[in-house]
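Enquirer: Sequence first, then the predicted structure, then my questions.
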Amino acid sequence: MARAPKILTPADIILRPFREFAARQASGGIVLILATIVAMVWANSALAHSYEEIWEHTDFAITFGDHKFKMHLLHWINDLVMAAFFLLVGLEIKREVLVGELSSFRKASLPIAAALGGMVAPGAIFAVLNWGSPSIRGWGTPMATDIAFALGVLALLGSRAPVTLKVFLASLAIADDIGALLVIAVFYTETIYTDYLMAAFAILAVLLILNLLGFDMLLPYLILGLIVWFCVYRSGIHATIAGVAVAAMIPARQRVRGGEFMSRVHSALKIYRHETHSNDVILSNARLAGAVHDIQAACDDCETPLQKLEHALLPWVAFVIVPLFAISNAGVTLPHDFGSAVASRVTLGVILGLIIGKPVGILLFSWMAIRTGVARLPAGVSWRHLFGAGCLAGIGFTMSLFIGHLAFANSHDDVVAAKLGVLLASTIAGLLGATVIATAKPLTQEQMEAIDRSVVEAHFDDSGPFHTPPGGPIIEATME
């Protein structure tokens, strides 16, 4: 029987290009670049005065009875809105630890070693250049990697970048995120109010109990998660850490697995196939509607709450939250004496840390891990590829800007210097990494197919495909 064509509405035709764009792996990076350009043009235009006025001097308040919660718009974005970004980061970390590239010592050894080198070397370079100055506080600024930008560049390189290199860079960036979160929590927290911190721990304990008891509705986790955010914010620890803490409590269990899922879907499809012979109008056919509902319920039970939340957050983070962060944070008024500004301790420390410290640290620590037998190079990845990935890891952007704001919260000039360094270094690192990988010897079609098969097999366990990680920036890179 011929398949009936899908009925296209005018809305489908209008929205199709946007949906196709959003489905591409590089799209988030492209939107981020455009947001950065908007911020830079705005901050250096005739409307430059409005940039700082809107983001840093516009107050926004929420009132509960006699309690008033008031912050500048920039603080709302960096402290509350970015908590959703860190919630997504936390979900990705949990997924990778459970079933991904950080799930075993054999898989995790190389990306963890590389991430460690990619944090130690940049931090050391910055510290040496700023030794004896109050600006040494910003040593954490060049330590982070922007996963969206880095993977976006790799996606643009197509077959020049082996799929195993994408998996390695994604795993490195996630391990790097773990290190950055520890740095934020430990080194950029000045005063801790234990009463609020204990309250946050108590609510997290409630979330853990809900998880252990099998509650898999996301709404209670999100409502209690907002309360955790408030308590962490009041505790003195940066509030975005709450996003990662709540992510750790999100259930990752399925209600049904392979065999039962297939049985339920097969039974519903038999009913659907029978009913379409008589009346395929779902609005007037209760059995047809019931079959569709059963298929939807089976799919819902097969997907874990962690996957559902990650899928729901991903487009909002990629196309709204991170671009909003970029527009509000990346605007730097370029100084008239550009050379002197670049030569400042802070700017130079960030630039050298990201474009030299990152690739050198990643290569050195990877070499030591491989040399000692702790790790090995991924299939199809050469040392040239690894150097290119190290350069791309120098795209610090989102996390580097974020840490820079924390480090220099009391010094506007140092914040501007750090921003300038991050923007220049990220641009240079992206171009350098793309050039290194693009000029590497391309793999043959047979080699790429063999590597693709090995990567796909690595994500399937003995129980079948229903334990594989969800789609998202990491796995989309793997399966591309």
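Expert: Yes, it's here.
Enquirer: all contacts plus neighbour counts: C-alpha atoms, from now on.
Expert: OK.
Enquirer: looking at this, K68 is in a strand?
Expert: Yes - counting by DSSP: H, G, I helix; E, B strand; the rest coil, K68 falls inside a strand.
Enquirer: My guess is it contacts F60. True?
Expert: No - using Cα atoms under 8 Å, K68 is not in contact with F60; the gap is 10.3 Å.
Enquirer: distance of L406 from A61?
Expert: Distance of L406 to A61, computed by Cα to Cα, to the nearest Å: 22 Å.
Enquirer: more crowded one of the two?
Expert: L406 (21 against 11; other Cα atoms under 10 Å).
Enquirer: Report all helices and strands that the one helix or strand that one maps to contacts.
Expert: Assigning secondary structure by DSSP states H and E places L406 in helix 397-407. Counting by 3 or more Cα pairs under 8 Å, 6 or more residues apart in numbering; DSSP states H and E, the packing neighbours recorded for helix 397-407 are helix 322-329, helix 412-438.
Enquirer: Now the element after the shortest one, going C-ward?
Expert: What that stands for is helix 322-329. Following helix 322-329 in sequence order, the next helix or strand is helix 338-342 (DSSP H and E).
Enquirer: quick one: the helix or strand just after that next one to helix 397-407, angle?
Expert: Following helix 338-342 in sequence order, the next helix or strand is helix 345-352 (DSSP H and E). Between helix 345-352 and helix 397-407, the angle comes out at 150 degrees (axes from the mean of the first three to the mean of the last three Cα atoms, to 10 degrees).
Enquirer: now helix 345-352: how far from the chain's centre is it?
Expert: In this view, helix 345-352 has its centroid 25 Å away from the chain centroid, taken as Cα atoms, centre = their mean, to the nearest Å.
Enquirer: Only the C-alpha atoms, please, for that helix, written as CSV.
Expert: In CSV, the C-alpha atoms belonging to helix 345-352 read as follows (Å, rounded to 0.1, in the frame of the first residue of the first chain):
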residue,chain,number,x,y,z
ARG,A,345,48.9,41.3,32.2
VAL,A,346,45.3,40.0,32.3
THR,A,347,44.7,40.1,28.5
LEU,A,348,48.1,38.5,27.7
GLY,A,349,47.7,35.9,30.4
VAL,A,350,44.3,34.8,29.0
ILE,A,351,45.5,34.9,25.4
LEU,A,352,48.7,32.9,26.0
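Enquirer: neighbouring contacts of it?
Expert: Residues from elsewhere that reach helix 345-352, judged by Cα atoms under 8 Å, 6 or more residues apart in numbering: 122, 125-127, 129-130, 135, 138, 141-142, 341-342, 414, 417-422, 424-425.
Enquirer: that older thread, looking only at neighbour counts, state which of K68 and F60 leads.
Expert: F60 (13 against 10).
Enquirer: beta partners of that one?
Expert: With DSSP bridges as the criterion, F60 is bridged to M71.
Enquirer: got the CA positions of the helix holding L406 in CSV?
Expert: Listed next in CSV are the C-alpha coordinates belonging to helix 397-407 (Å, rounded to 0.1, in the frame of the first residue of the first chain):
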residue,chain,number,x,y,z
PHE,A,397,34.3,31.7,25.4
THR,A,398,31.2,30.9,27.5
MET,A,399,32.9,29.4,30.5
SER,A,400,35.9,31.6,30.3
LEU,A,401,33.8,34.8,30.2
PHE,A,402,31.8,33.4,33.1
ILE,A,403,34.8,32.7,35.3
GLY,A,404,36.3,36.0,34.3
HIS,A,405,33.3,37.8,35.7
LEU,A,406,33.5,35.8,38.9
ALA,A,407,37.2,36.4,39.3
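Enquirer: Please work out the average pLDDT along it.
Expert: For helix 397-407, the mean per-residue pLDDT is 87.
Enquirer: which outside residues touch it?
Expert: Applying Cα under 8 Å, 6+ apart, the contact partners of helix 397-407 are 78, 137-138, 140-146, 180, 184, 188, 322, 325-326, 329-330, 415, 418-419, 422-423, 426.
Enquirer: Could you pull up the residues touching F85?
Expert: Applying Cα under 8 Å, 6+ apart to F85 gives the contacts 243, 317, 321-322.
Enquirer: how about the helices in the stretch 151-300 of the chain?
Expert: 163-187, 194-213, 218-235, 241-249, 258-276, 286-302 (DSSP state H, counting those that start in this stretch).
Enquirer: An error on my part: the question was meant for the stretch 1-150 of the chain.
Expert: Secondary structure of the stretch 1-150 of the chain (DSSP H, counting those that start in this stretch): helices located at 10-23, 27-43, 48-57, 73-76, 82-99, 105-129, 147-156.
Enquirer: Which strands and helices lie in contact with the shortest one?
Expert: To tie it back to what came earlier, the one meant is helix 73-76. Going by 3+ Cα pairs under 8 Å, 6+ apart, helix 73-76 lies up against helix 48-57, strand 59-64.
Enquirer: In space, not sequence, find me the middle residue of the chain.
Expert: Closest residue to the average C-alpha location of the chain: V89 at 4.9 Å, with Cα atoms, centre = their mean.
Enquirer: doesn't V244 make contact with that residue?
Expert: Yes - taking contacts as Cα under 8 Å, V89 lies within contact range of V244: 6.9 Å.
Enquirer: Next up, the contacts around H238.
Expert: So H238 contacts 79, 184-185, 188-189, 232 (Cα under 8 Å, 6+ apart).
Enquirer: Many thanks, we can stop here.
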